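Enquirer: Predicted model, plus sequence, below.
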Amino acid sequence: MSLEKIREEYLKLVKEVKDEKELYDLRVKFLGKKGALTDIMKGARDLSPEERPSFGKLVNEVKTFINNSLEEKRAELAKAALELKLASEEIDVTLPSRKVSLGGVNPLNKIIEEIEEIFISMGYSVAEGPEVETDKFNFEMLNLPKDHPARDMQDSFYITNELLMRTQTSPVQAREMLKANGEGPVKIICPGKVFRRDNDDATHSHQFTQIEGLVVDKNITFSDLKGTLEHFIKAVFGENKKIRLRPSFFPFTEPSVEVDVSWGNEDDEENIKWLEILGAGMVHPNVLKMAGFDPEVYSGFAFGMGPERVAMLKYGISDIRSFYTNDVRFLQQFNSDRND
Ligand code: PHE
């Protein structure tokens, strides 16, 4: 092939190149070791010494021309590829945005926060303790020695003989009193998960939450407990609510009461309905003593409630399992401000 032919052939082929790969093949075809220009240079051997330099020069010119042209083509391809990419990635800023759908705060967490706020406003602080508890704190420090029959009131998940999933948040009482080193006041609420061996149904769950309250100081009386609970119930359920105390038994309080809240028809004294809402009492002297407080100097009250029960009454929820199954339709009902 003559030089001129090579050039024409190149110009014809370069127009058809569509991508980097084809461009590379074209370079090999003309400039490679076995390419057309290398080939033609070999022909120089047959030329006379006088003809050789000018022939070499001509070949070099074509080589430079092809090289430059390939470079231009490469730039052209890159530009076209970039434009294609930009076009395909174009963003229409005028399109409406996609809706972000939110879940909702679990009503259980809502009620726990609400209860915390009420007690914080009365000067309580919030304390927490371990969910895996020792037998000592879950029972013994609460006046429930080993083989005390009242242990049967709370069917427990034992891990070892001495370790269990706490059955109540009361052990946090004992822990906080010990921290106070026999000196009041102690004024805390302790929210947290508790665990009992129960078969799950609409009103039972093997895992649920409790909020424990404890006040220890000089001159704390039963009427302080009653006033506190009355204030709390009205703050959660409404000013028209009444409370009723019934004698009860807890090993760690003496006397002990169960507290009911009036429901539905507060104005009709005769036909008032009562629903049980929490357990409470005056801290048992043994409990004070074991936790390092002198029962002759200090007294205290404690109460414990299930936020699930509070939320079920307040929001009219009929199945305790709704709190744990995380159905977003259930959760969103309590977050009307956040519904999307
Ligand atoms: N811990 C008790 C229970 O789970 C509730 C309670 C707490 C009762 C504090 C009285 C005082 O049954």
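Expert: Arrived safely, thanks for sending.
Enquirer: Okay, buried residues for whichever strand or helix holds residue 84 please.
Expert: Assigned by DSSP states H and E, residue 84 belongs to helix 51-88. By 16 or more other C-beta atoms under 10 Å, the buried positions in helix 51-88 come out as 55, 59, 62-63, 66, 69-70, 73, 77. The way it works is simple: take the backbone N, C-alpha and C, and place the C-beta from them, glycine included.
Enquirer: swap in stretch 85-104?
Expert: For stretch 85-104, by 16+ other C-beta under 10 Å, it's residue 104.
Enquirer: where do the strands sit along the stretch 151-300 of the chain?
Expert: Read by DSSP state E, counting those that start in this stretch, the stretch 151-300 of the chain holds these strands, from start to end of the chain: 163-165, 186-195, 207-217, 243-250, 253-263, 273-283, 299-305.
Enquirer: Tabulate those in TSV, adding columns for mean neighbour count, mean pLDDT and distance to residue 157.
Expert: TSV is the format used below for these (neighbours: other C-beta atoms under 10 Å; pLDDT from 0 to 100; distance: least, C-beta to C-beta, whole Å):
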stretch	mean neighbour count	mean pLDDT	distance to residue 157
strand 163-165	18	95	4
strand 186-195	21	97	5
strand 207-217	22	97	9
strand 243-250	16	96	21
strand 253-263	19	95	24
strand 273-283	20	94	21
strand 299-305	24	97	19
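Enquirer: Turn those into TSV, including distance to the ligand.
Expert: Shown next, in TSV, are these (distance: least, C-beta to the nearest ligand atom, whole Å):
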stretch	distance to the ligand
strand 163-165	13
strand 186-195	7
strand 207-217	6
strand 243-250	4
strand 253-263	5
strand 273-283	3
strand 299-305	3
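Enquirer: and of these, who's closest to residue 319?
Expert: Taking C-beta to C-beta, strand 207-217 is the member of the strands of the stretch 151-300 of the chain nearest to residue 319, at 12.9 Å.
Enquirer: so what secondary structure elements neighbour the closest one?
Expert: If contacts are counted by 3 or more C-beta pairs under 8 Å, 6 or more residues apart in numbering; DSSP states H and E, strand 207-217 sits against helix 107-120, helix 170-179, strand 186-195, helix 222-237, strand 299-305, helix 307-315.
Enquirer: How about the residues of the stretch 101-250 of the chain by the ligand?
Expert: Neighbours of the ligand within the stretch 101-250 of the chain, by C-beta under 6 Å from any ligand atom: 168, 170, 212, 250.
Enquirer: could you redo the last one with a cut-off of 5 Å?
Expert: Along the stretch 101-250 of the chain, the residues adjacent to the ligand under the rule C-beta under 5 Å from any ligand atom are 168, 170, 250.
Enquirer: surely the second one meets residue 194?
Expert: No - the pair residue 170 and residue 194 does not pass the contact test of C-beta atoms under 8 Å, sitting 9.3 Å apart.
Enquirer: Find the centremost residue of the chain, please.
Expert: For the chain, the residue nearest the mean C-alpha position is residue 105 (10.7 Å; C-alpha atoms, centre = their mean).
Enquirer: Next, that one: secondary structure please.
Expert: Put simply, residue 105 is coil when judged by DSSP: H, G, I helix; E, B strand; the rest coil.
Enquirer: measure the nearest residue to it once chain neighbours are set aside to the ligand for me?
Expert: Distances taken as C-beta to C-beta, 6 or more residues apart in numbering put residue 335 closest to residue 105, at 6.0 Å, once the chain neighbours are dropped. Distance of residue 335 to the ligand, given as C-beta to the nearest ligand atom, to the nearest Å: 30 Å.
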